[in-house]
Every structure is written in structure tokens, then in C-alpha cells.
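*Asks:* Sequence and predicted model, in that order:
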Amino acid sequence: MYDVLIIGSGPAGLSAAIYAKRANLDVRILEKNMFGTGQVAESSEVDNYLGLPHSNGFDLGDKFRKHAEGLGVEFITGEAAGIVKEDGIFKITLKNGEILESKTVIYGAGATHRHLDVPGENELRGHGVSYCATCDGGFYRGKTVAVFGGGDTAINDALYLSKLASKVYIVHRREEFRGSKQYVDKLMNTENIEPVLSEELKNIEGDTKVQSVLLKSGRKIEVDGVFIAVGMNPLTDILQGTVDIDASGYIIAGEDCVTSLPGFFAAGDVRTKKLRQVITAAADGANAVDSAIDFLKNSR
Ligand code: NAP
């Protein structure tokens, strides 16, 4: 039985692992995909992580992981399918049927890409529809693409794609972008990016690959690729009935990462919080371990 089982190997999980290891706790990270570093790997540029300006998201995630590996943190590849607490012990059942036992759990499973649920989106996924500009942008060299969304992710995606594609449309449903001023300014000053405001996607057209997008106003834009960046859904389905979750699916917890279930802590994007960034996820990892240490001391 472990002292701490961390679920998720994004910045929250990796930071928690470093703090747990340095506190001499018997810790493991459970991760769905081997060598994971979470969503940060998908960011073309992270410019607001203290001390590491102009970082490429993939490289930054890799640095976090190497830090944890360097301290001897062990990783288990597997997907949690259910979590119960019985007689003061957490039993985490994996999809392959294996059961892990731990005195505490730090849940940092993050979030998945939200969909727009329009005709053509599912059918043309992988054939011109993508949720990750840094993963798929390379296929659109010299082509025309449209990015949907108005937050930092959509803006960063548009900026990244502008270096590859000949033309980038960024379509947002409001009159103004939601993203940081610094990124919006850069967007507005990039010649091959055309903002399309107060517009929404009606459907994505094409037989075997994307050919155009039809907007709700009736405007049609011919594109080779569509990048959807309209936010995330927290990965908390397996926790229904186990711990308190808000109406949007986030685990209710404060800065100390303490949840309604004693010994179960929420860290990173899955937690109710105002600002979801790499630095706030890393901070959660540290706070979650501090709370786990208090819990372990008090339950002796
Ligand atoms: P977000 O800030 O929640 O933005 C989602 C965007 O999608 C919003 O503009 C929203 O429109 C739009 N949207 C949502 N549902 C929609 C729908 N059904 N139809 C049309 N548009 C829809 O999400 P995010 O951009 O992924 O960012 C998440 C967090 O990560 C933020 O805190 C962000 O600052 C941070 N982040 C930081 C960086 C960086 O610093 N490098 C990079 C990426 C993300 P409304 O504006 O109308 O709500």
C-alpha cells in the first residue's frame, strides 16, 4: 500500500510527486499514457511560467517529468476506472482489473477537449478536424485553416498556425476575444490571421476531408483544416458519488486541495479555481502534498 497515489502526470501530478518524494513518502504516479506530461505538451508556447520565458510546452513538460524521474518517482501505466474508500484505505480499480491501494489519493487527471457538436465535426475528425494545433499543424503548411474559440488556447493555436498555414481565420462567438491582452495584440498584428467575430459554426463540410465551414450567419469559408479550441471538460466521471463536484464537473476544493472526501485531494485543472494555468497546477501539486502529509499525521 502506498502513502500517496497520484492520478495524472501533468504539471499538478508531477509537482505533487516531487514534493511527496522529497517528504520521503511512498508515492506512485498512475498515468493513462506512458511518458505523459499532460496538456502542457500541446501548447506551442508557454510564456508565463516563472523563470522560463518563451518555453515550448512540450519541452517544459519534459523538464517537469525529468525532474520527477531524477528523484526516483515511479510511474504506473493504467487508467483508473473506479475509486472507493473502504476501512480508511483507497482502492483504485484500473481498467485492466488491477487494484491499487493507497492511504491517500491526489487526483490531477486534468480535462479533455470540449466539442462543438456540429454536423461534420465527428465525421471529419482526423480528416481535417483537430483539437491540437501543435500536434496536427504541420499538415497545413501553405494551406488555409480556421480556429474556433476566443480564449488563450484558440489565440495561441492561431498564432502557431500562422507560421505554417498561408491563411488563418479565428472565429469567435463574441465581439471581443477572451484571451490575455498580450496574445490578442499579437493576433491583431499578424498579417495572415483574419479574426471573424460574432460568428458561430453551423457545420463542417466535406466528403472525405474538410473543404469548408458554414457559419450561422450563412457565411461560408473554404478551409483545409478546422481547429476547435473551445475549452475543456474536467475528467471527473469516475468520481460521481465519491466526492463533491460542482455543476460544471470540477471537484470542489480550495487552495489546500482538500475535498469532501478525507484523504482525497484535487490538484490542477480538475479543481474548482479561477485561473487554470501551468503555474497554478504546479502550485496545487505542492499544496496537495502538504495537505496529504497533515492527513497522514492525523490519521496515525
Ligand atoms: P477558455 O478560456 O475557457 O476559452 C474557451 C473559449 O471557447 C471562449 O472564448 C468561449 O467563448 C469559447 N466557447 C466555449 N464554448 C463554445 C461554444 N459552444 N461555441 C463557441 N465558442 C465556445 O479555454 P482555453 O482557451 O482552453 O483556456 C483555458 C485556461 O488555460 C485559461 O485560463 C487560459 O488562460 C489558460 N491557457 C493559457 C495559455 C498560455 O498562457 N500559454 C495557453 C492556453 C490556455 P466565450 O468567450 O463566449 O465564453
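*Replies:* On my side now, so go ahead.
*Asks:* just the helices in the stretch 51-200 of the chain please.
*Replies:* 57-70, 133-136, 152-162, 181-188 (DSSP state H, counting those that start in this stretch).
*Asks:* Run through the residues that contact residue 179.
*Replies:* 150-152, 154-156, 187 (Cβ atoms under 8 Å, 6 or more residues apart in numbering). C-beta coordinates here come from the backbone N, C-alpha and C atoms, glycine included.
*Asks:* now with 7 Å?
*Replies:* Listed by Cβ atoms under 7 Å, 6 or more residues apart in numbering, the contact set of residue 179 reads 150-152, 155.
*Asks:* Intersect those residues with the contacts of the ligand.
*Replies:* Restricting the contacts of residue 179 to those within reach of the ligand (Cβ under 6 Å from any ligand atom) leaves 150-152.
*Asks:* can you pick the most crowded of those residues?
*Replies:* In terms of neighbour count, residue 150 stands highest of those at 24 neighbours, by other Cβ atoms under 10 Å.
*Asks:* didn't that one look like it was pressed against residue 174?
*Replies:* Yes. Under the criterion of Cβ atoms under 7 Å, residue 150 makes contact with residue 174 at 6.0 Å.
*Asks:* partners of residue 221 in the sheet?
*Replies:* For residue 221, the beta-bridge partners are residue 213 (DSSP bridges).
*Asks:* Looks like it contacts residue 212 (just checking).
*Replies:* Yes. Counting by Cβ under 7 Å, residue 212 is a contact partner of residue 221 at 6.2 Å.
*Asks:* what residues do those two have in common as contacts?
*Replies:* Here residue 221 and residue 212 have no joint contacts, going by Cβ under 7 Å, 6+ apart.
*Asks:* what residues are up against the residue nearest to residue 21 when sequence neighbours are not counted?
*Replies:* Of all residues not flanking residue 21 in the chain, residue 71 sits nearest, at 4.5 Å (Cβ to Cβ, 6 or more residues apart in numbering). Taking Cβ under 7 Å, 6+ apart, we find residue 71 in contact with 18, 21-22.
*Asks:* and the stretch 101-250 of the chain, which of its residues are near the ligand?
*Replies:* Listed as neighbours of the ligand in the stretch 101-250 of the chain under the rule Cβ under 6 Å from any ligand atom: 116, 149-154, 156, 172-174, 178, 200, 229-232.
*Asks:* Buried ones from the residues you listed, can you make that a PyMOL selection?
*Replies:* Only the buried entries of those go into this PyMOL selection, using 16 or more other Cβ atoms under 10 Å:
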select buried, resi 116+149+150+151+152+153+154+156+172+229+230+232
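*Asks:* State the distance from residue 153 to residue 282.
*Replies:* Using Cβ to Cβ, to the nearest Å, we find residue 153 at a distance of 18 Å from residue 282.
*Asks:* ignore the last one, residue 22
*Replies:* Between residue 22 and residue 282 the distance is 14 Å, computed by Cβ to Cβ.
*Asks:* Of these two, which one has the most company?
*Replies:* Taking other Cβ under 10 Å, residue 22 and residue 282 do not tie; residue 282 has more neighbours (24 against 10).
*Asks:* The more buried one in helix, strand or coil?
*Replies:* With DSSP: H, G, I helix; E, B strand; the rest coil as the basis, residue 282 sits in helix.
*Asks:* and the gap between the residue nearest to it when sequence neighbours are not counted and residue 93?
*Replies:* Of all residues not flanking residue 282 in the chain, residue 15 sits nearest, at 4.2 Å (Cβ to Cβ, 6+ apart). Distance of residue 15 to residue 93, given as Cβ to Cβ: 26 Å.
*Asks:* more crowded one of the two?
*Replies:* residue 15 (29 against 16).
*Asks:* tell me the SS of the more buried one?
*Replies:* helix.
*Asks:* contacting residues around it?
*Replies:* 282, 285-286.
*Asks:* Phi and psi next, for the residue nearest in space to the middle of the chain.
*Replies:* With distances taken as Cα atoms, centre = their mean, the residue of the chain nearest its centroid is residue 39 (4.0 Å). The phi and psi values for residue 39, taken as degrees, to the nearest 10, are phi -60, psi -30.
*Asks:* Can you give me the distance of the closest residue to residue 93 other than its chain neighbours to residue 105?
*Replies:* Excluding its sequence neighbours, the residue lying closest to residue 93 (Cβ to Cβ, 6+ apart) is residue 82, at 4.5 Å. Distance, residue 82 to residue 105, by Cβ to Cβ: 12 Å.
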